[in-house]
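[1] sharing a sequence plus its predicted fold:
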Amino acid sequence: GNRADLADWQQATGRDGSSITVDPLFVTQSDLHVFRPELFQAGSPVAEVPTDIDGDLRDPVSPCIGADEFTPLPNDIGITALVNPQSGCDLTGGQTITLTIQNYGTNSQTGFVISMIFEGETITENVGTQVLQPFEMWDYSFSTSVDMTNRKDYHLVFYTSLDSDENNSNDTLRATIIHR
């Protein structure tokens with residue numbers, strides 16, 4: 001029967017023990033190459049599937065989960081989510097904005113910039129000495145608060161800037177916050 005989530009399925013069937021629940025971050029809807037570091041070498045080998053969608057050999061011991069055998073880039077950070085605030089009727093004049101940042105790369109990263117465009121103004125902050133280890137996720141709160149007291153839709157753009165970033169497709173997040 002139907003199961004609520006992957007853990008319920010695994011417990012009920014005893015199958016798919018190597019499966020995980022993550023957005024694979026496909027390049028596009030038609031280009032199924034992935035960027036998600038959690039998929040890297042996290043699969044189980046299947047003898048009947050020796051190659052991936054590109055014809056590349058699968059790792060015989062620890063293949064990547066999915067149809068694409070890949071190697072994460074050394075330098076790649078991006079924004080995965082807007083954590084705070086959420087749409088609602090309790091937004092304030094001193095609203096703190098919090099984002100989840102991920103180091104998708106294999107090198108540690110520090111000293112990069114996070115920016116937000118709010119009401120036509122760009123707010124840019126350097127993360128300073130904060131170090132993101134390979135594949136680590138981190139919630140970052142802007143030190144500059146914003147005024148969301150007016151009841152309206154706020155359209156925001158967030159982006160990371162890392163000089164050595166080798167994949168800019170995950171650097172930007174657009175979000176709408178509605179003050180009801």
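    Nice, I can see it.
[2] from now on I want contacts and neighbour counts done on CA atoms only, so please keep to that.
    OK.
[3] so which bits of stretch 141-152 are buried?
    Residues of stretch 141-152 classed as buried: 142, 146, 148 (neighbour count, 16 or more other Cα atoms under 10 Å).
[4] now do the contacts for the first one.
    Shown in contact with residue 142 (Cα atoms under 8 Å, 6 or more residues apart in numbering): 96, 97, 98, 125.
[5] one more time with 6 Å
    Neighbouring residues of residue 142 by Cα atoms under 6 Å, 6 or more residues apart in numbering: residue 97.
[6] for the residue most central in space within the chain, give me its contacts.
    Nearest residue to the geometric centre of the chain (Cα atoms, centre = their mean): residue 80, 3.1 Å. Residue 80 sits next to 100, 101 when contact means Cα under 6 Å, 6+ apart.
[7] rerun that using 10 Å as the cut-off
    Residues in contact with residue 80, defined by Cα atoms under 10 Å, 6 or more residues apart in numbering, are 25, 99-103, 137-139, 170-173.
[8] what do you get for residue 32?
    Going by Cα under 10 Å, 6+ apart, residue 32 touches 24, 25, 26, 53, 66, 67, 68.
[9] least confident of the residues you listed?
    Least confident entry in the contacts of residue 32, by pLDDT: residue 25, with 80.
[10] if we can go back for a sec, looking at the contacts of residue 32, which one is closest to residue 165?
    residue 25 (16.6 Å; Cα to Cα).
[11] and the closest one, how many neighbours?
    For residue 25, the neighbour count with other Cα atoms under 10 Å is 16.
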